[in-house]
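> return atomic coordinates for the entry below.
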Amino acid sequence: MPFSFDDSAARQNWGKGKSISVPPAGMRKYHDWRRYILAGRSPSDAARLAGDMNYELLQGNSNLCSVRLTQQHRVLFSVVGMSIKVLEIGGHY
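Predicted structure coming up:
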């Protein structure tokens, strides 16, 4: 069974001007990572396949993870079972 992927909250924040702008190269990495997940890969496999994304579980919360888009920009997301919810795109946590 493939992962479900929800980035609607991050897209809404972008539409409201509440997100930090990410350079085009970083957004290409994000879209590659997203495409691999929608094709059935795990978030960590997708990060490895999309390039140097440094997948990591965040300390203190076993559901929160991040991947690196650029040196200063990250994607913050939660993984619960087979559901991925992107919370923020851009910035550094």
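
> those helices in the protein, which residues are they?
Listed in chain order, the helices of the chain (DSSP state H) span 8-15, 24-38, 43-50.

> which residues does the first one contact?
Which is helix 8-15. Applying C-beta atoms under 8 Å, 6 or more residues apart in numbering, the external contacts of helix 8-15 come out as 19, 85-89. Every C-beta, even on glycine, is put in place using the N, C-alpha and C of the backbone.

> any idea of the angle it forms with helix 24-38?
Relative orientation of helix 8-15 versus helix 24-38 (axes from the mean of the first three to the mean of the last three C-alpha atoms, to 10 degrees): 160 degrees.

> export helix 8-15 as CSV, just CAs?
Coordinates of each C-alpha in helix 8-15 appear next as CSV, following Å, rounded to 0.1, in the frame of the first residue of the first chain:
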residue,chain,number,x,y,z
SER,A,8,-2.2,21.3,1.4
ALA,A,9,-1.3,23.1,4.7
ALA,A,10,2.1,24.1,3.3
ARG,A,11,0.5,25.2,0.0
GLN,A,12,-2.1,27.3,1.9
ASN,A,13,0.7,29.0,3.9
TRP,A,14,2.4,29.8,0.6
GLY,A,15,-0.8,31.3,-0.8
